[in-house]
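Asks: need a structure here:
(chains A and B)
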Number of protein chains: 2
Amino acid sequence: MAQDTGRPLRLGIDVGGTKVALALGDAEGRLAAHRRIPFPATGEPRADVEQMLAAARALLDEAGCGAGGLEAVGISAPGPMEIGSGTLLNPPNLPGWHHIPLAEWFGAALGAPVAVENDADAAALAEWRWGAARGTQHAVYLTMSTGVGGGLVLGGRLHRGAHGAGEIGHAPVEWDGAACACGLRGCLEAYVGGAAWTRHLRAEAPEAGRVAALAGGRDAITPRHLLAAAREGDDFALTELARWNGYLARTIVWLAMVLSPEVVVLGTIARAAGEQLCLAPVRELVARHLWREEGQAPRIVAAELGETLGERAGLAVAALAAERAGGRTEATRAAR
Amino acid sequence: MAQDTGRPLRLGIDVGGTKVALALGDAEGRLAAHRRIPFPATGEPRADVEQMLAAARALLDEAGCGAGGLEAVGISAPGPMEIGSGTLLNPPNLPGWHHIPLAEWFGAALGAPVAVENDADAAALAEWRWGAARGTQHAVYLTMSTGVGGGLVLGGRLHRGAHGAGEIGHAPVEWDGAACACGLRGCLEAYVGGAAWTRHLRAEAPEAGRVAALAGGRDAITPRHLLAAAREGDDFALTELARWNGYLARTIVWLAMVLSPEVVVLGTIARAAGEQLCLAPVRELVARHLWREEGQAPRIVAAELGETLGERAGLAVAALAAERAGGRTEATRAAR
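Replies: Below is the predicted model:
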């Protein structure tokens, strides 16, 4: 795609354990150019970053964006991280990466201000700026993927807390309950995380049942097969889904009582399950368990950004970098 | 007490179902004069407020503070309320009070800017400005009294959410668990609220046991007797207290994972139970169930303001009124 040349562009990068999404876009989150590369995994963080920079430069060329045309860079990456300096500490999914000063490396190479955020926070910012939570002051975003994470936008600002907020996947839903990958017990993720749920389904699904049949064997079951069987009305699948929805609803009631957000945005698995299998039953459970006046429950909706969430997440972080670098310019531009 | 006459004074009022605390103080929360009156309960809100105004005027006279010497007024009151207009809606503990425009009435009578906040939020602000949470950016305050409420200061600002945040007492700790006064089941308050706990103890305490003996009969048991028996090492009391601490710890783990506050401040019952019976065991439970790096757990401490919490809560709200009325003046004063 060719660039609207007068418009300053921003670069968003979403670093994941298997792939890296890169996007050039504008202040409204519109994509000018984007591409995905596999996570380099050279075993050498500096070499990994060089490959990402090569992809970024190719994207800038493609968009006709020369030196000085790049306004800001935003990087969404797995935590833990030090936000102030933009340093990844020891992300479990990026082999060999320890204390990597991403903001410094990308800033020196690209000559633009860089911000780095936790990927769940970045996704929350993207859904809040351009997706299902746009126009709100208080929004909660829940990733519902292999693991469960979250991001909180409160009072129109990302809430990071003292040491990283939004770790909803490791909030306890059953005290001393099921074992979680984190080493503790009873975490939300141990019940509704995709990886934990997959293990549970493979162990519990009837050998000769519909879920196993759709998967071609119990050992190949994934949440996708469960959702397909539930759509066909399979009893085991519906019971399992009700349990999954129940833990999700319980978490949303907690969030609604404590934080009173206007909207709760649900990602991947909830989005795939959709209105009938997830959103409607969860809304009903929440309404029954919420001590709030009529009209005070948060809206419960699926994430909207879908396929380009990573790209938009990077751009949402780039917006933070641009705001920090020149808040006044940004405000002036928005007012036009 | 006589006033330091050069200093602008603020009036703080804490309206409770049985008493009203009034205080004159300065920007640092120091009390110049204070008094308490019974909640008037004339059955007529306007007459109730007139009595509060009479007490306020007497206090102003006592401090030698004439017309124009009052900088701001802050009112802490039970919810629900409409913050923007300073209107109490239908507080269950104030008989006959429905849609009372407190800010308007007090503002017209006293000629100063007025702010009104929920009492748990006001107490949180007071502990954050002058008590156990001072110097932090992210603090959670839990009232642990007849009921359980909470207030959140996040990023140095009170977080009110869309429809009142911090309703921690009605967050679910057991899905479909014990019946709560709110009409739902499994709320935190149904396990650790003073009223619910008292009912539970009266039903469960052994007739011939130590707790009943200290109370002079099962029907007279209160949490105070349970704490006294626990200090003597009574088994029933220690088991009950461990259960109480467990629900509290579980709630703090949830708050720590989702909000990552620097400090969690615990009120009334937890404060009365103290270090050995409550704070130390709760800290240990939280540490064992928290998925956080060393040093990232919130501090867990007792509230500090104690006997004058109501007075300070009113003054903390008055500080908001003063800031809104003249943010610049306030900042200039603070910088001196």
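
Asks: residues contacting the residue of the stretch 51-200 of chain A found nearest chain B?
Replies: For the stretch 51-200 of chain A and chain B, the shortest gap (CB to the nearest CB) falls at A:Gly161, measuring 2.7 Å. C-beta here means a position set from N, CA and C on the backbone, and glycine is covered the same way. The neighbourhood of A:Gly161, defined by CB atoms under 8 Å, 6 or more residues apart in numbering or on different chains, consists of B:His138, B:Leu154, B:Leu259, B:Ser260, B:Pro261.

Asks: which pair in these has the greatest spatial separation?
Replies: B:Leu154 and B:Ser260 (9.7 Å; CB to CB).

Asks: any residues in contact with both of the two?
Replies: Both B:Leu154 and B:Ser260 are in contact with A:Gly161, B:His138, where contact means CB under 8 Å, 6+ apart.

Asks: which element is A:Gly233 on?
Replies: Secondary structure assignment for A:Gly233, by DSSP states H and E: no helix or strand.

Asks: could you do A:Val20 as well?
Replies: Using DSSP H and E, A:Val20 sits within strand A:19-25.

Asks: packing partners for that strand?
Replies: strand A:9-15, strand A:31-38, helix A:45-62, helix A:309-335 (3 or more CB pairs under 8 Å, 6 or more residues apart in numbering or on different chains; DSSP states H and E).

Asks: can you tell me the SS state at A:Gly166?
Replies: coil (DSSP: H, G, I helix; E, B strand; the rest coil).

Asks: enumerate every residue touching it.
Replies: A:Asn118, A:Ala120, A:Asp121, A:Ala124, A:Gly149, A:Gly150, A:Gly151, A:Leu152, A:His159, B:Val258.

Asks: repeat for A:Pro40
Replies: Taking CB under 8 Å, 6+ apart, we find A:Pro40 in contact with A:Val20, A:Ala47, A:Asp48, A:Gln51, A:Met52.

Asks: wait, a helix at it?
Replies: No. With three-state DSSP as the criterion, A:Pro40 is assigned coil and is not in a helix.

Asks: mind checking pLDDT for it?
Replies: A:Pro40 is assigned 94 on the pLDDT scale.

Asks: would you turn the contacts of A:Gly161 into JSON lines with neighbour count and distance to chain A?
Replies: As requested, the contacts of A:Gly161 are arranged in JSON lines below (neighbours: other CB atoms under 10 Å in any protein chain shown; distance: CB to the nearest CB, whole Å):
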{"residue": "B:His138", "neighbour count": "24", "distance to chain A": "5"}
{"residue": "B:Leu154", "neighbour count": "24", "distance to chain A": "6"}
{"residue": "B:Leu259", "neighbour count": "25", "distance to chain A": "5"}
{"residue": "B:Ser260", "neighbour count": "23", "distance to chain A": "3"}
{"residue": "B:Pro261", "neighbour count": "26", "distance to chain A": "6"}
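
Asks: can you pull the pLDDT of A:Leu110?
Replies: For A:Leu110, the pLDDT comes out at 95.

Asks: how far away is it from A:Gly69?
Replies: For A:Leu110, the distance to A:Gly69 (CB to CB, to the nearest Å) stands at 11 Å.

Asks: touching chain B at all, stretch A:306-322?
Replies: No. Stretch A:306-322 lies out of reach of chain B by CB under 8 Å from any CB of the partner chain, never closer than 14.4 Å.

Asks: so, low pLDDT: which residues of the stretch 51-200 of chain A?
Replies: Residue ranges of the stretch 51-200 of chain A with pLDDT under 70: A:67.

Asks: strands of that one, start to end?
Replies: Assigned by DSSP state E, counting those that start in this stretch, the stretch 51-200 of chain A shows strands spanning A:70-77, A:81-82, A:87-88, A:114-118, A:139-144, A:148-154, A:157-158.

Asks: got a markdown table for those strands, with distance to chain B too?
Replies: Below are the strands of the stretch 51-200 of chain A laid out as a markdown table (distance: least, CB to the nearest CB, whole Å):
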| stretch | distance to chain B |
| --- | --- |
| strand A:70-77 | 18 |
| strand A:81-82 | 12 |
| strand A:87-88 | 14 |
| strand A:114-118 | 12 |
| strand A:139-144 | 9 |
| strand A:148-154 | 6 |
| strand A:157-158 | 6 |
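
Asks: before we move on, back to that, and the furthest pair within the contacts of A:Pro40?
Replies: Using CB to CB, those span at most 13.4 Å, a distance reached by A:Val20 and A:Ala47.

Asks: looking at these two, which one has more neighbours?
Replies: A:Val20 (24 against 12; other CB atoms under 10 Å in any protein chain shown).

Asks: coming back round to it: pairing partners for the strand holding A:Val20, with directions?
Replies: The strands beside strand A:19-25 in its sheet (DSSP bridges) come out as strand A:9-15 (antiparallel), strand A:31-38 (antiparallel).

Asks: so which of those strands gets nearest B:Thr251?
Replies: Proximity of the strands paired with strand A:19-25 to B:Thr251 was assessed by CB to CB; the nearest stretch is strand A:9-15, lying at 34.0 Å.

Asks: how far is that closest one from where the chain is centred?
Replies: Mean-position distance between strand A:9-15 and its chain equals 15 Å (CA atoms, centre = their mean, to the nearest Å).

Asks: residues making contact with the host helix or strand of A:Arg224?
Replies: Using DSSP H and E, the element containing A:Arg224 is helix A:223-231. Contacts with helix A:223-231, where a contact means CB under 8 Å, 6+ apart, come from A:194, A:197-198, A:201, A:209-211, A:214-215, A:236-238, A:240-241, A:269, A:272-273, A:277.

Asks: the residues you listed in strands, which ones?
Replies: Of the contacts of helix A:223-231, none are assigned to strands by DSSP state E.

Asks: which among those are in contact with chain B?
Replies: Among those, none lies close to chain B by the criterion of CB under 8 Å from any CB.

Asks: what subset of those is buried?
Replies: Buried by 16 or more other CB atoms under 10 Å in any protein chain shown: A:194, A:197-198, A:201, A:209-211, A:214-215, A:236-238, A:240-241, A:269, A:273, A:277, out of these.

Asks: so which of those are in helices?
Replies: A:194, A:197-198, A:201, A:210-211, A:214-215, A:236-238, A:240-241, A:269, A:273 (DSSP state H).

Asks: low-confidence ranges in the stretch 201-336 of chain A?
Replies: Within the stretch 201-336 of chain A, the segments meeting pLDDT under 70 span A:327-336.

Asks: and if we set it to 50?
Replies: Filtered on pLDDT under 50, the stretch 201-336 of chain A yields the residue ranges A:328-336.

Asks: chain B contacts on the stretch 51-200 of chain A?
Replies: Contacts of the stretch 51-200 of chain A with chain B, taken as CB under 8 Å from any CB, map to A:80, A:137-138, A:150, A:152, A:154-155, A:157, A:159-168, A:170-172, A:175, A:182-184, A:187.

Asks: just the buried subset of the residues you listed, please.
Replies: Listed as buried from those are A:80, A:137-138, A:150, A:152, A:154, A:159-168, A:170-172, A:175, A:184, A:187; burial here means 16+ other CB under 10 Å.

Asks: and stretch A:207-220, how far apart are its ends?
Replies: 12 Å (CA to CA, to the nearest Å).

Asks: so how far is the first residue of stretch A:199-216 from its last?
Replies: Taking CA to CA, stretch A:199-216 runs 16 Å from one end to the other.

Asks: starting at the chain centroid, how far to that stretch?
Replies: How far stretch A:199-216 lies from its chain's middle: 28 Å, per CA atoms, centre = their mean.

Asks: can you list contacts of it?
Replies: Identification of contacts with stretch A:199-216 by CB under 8 Å, 6+ apart yields A:218-219, A:221-223, A:225-226, A:228-229, A:232, A:234, A:236-237, A:240.

Asks: how many neighbours does A:His98 have?
Replies: For A:His98, using other CB under 10 Å, the count is 10.

Asks: right, I'll leave it there.
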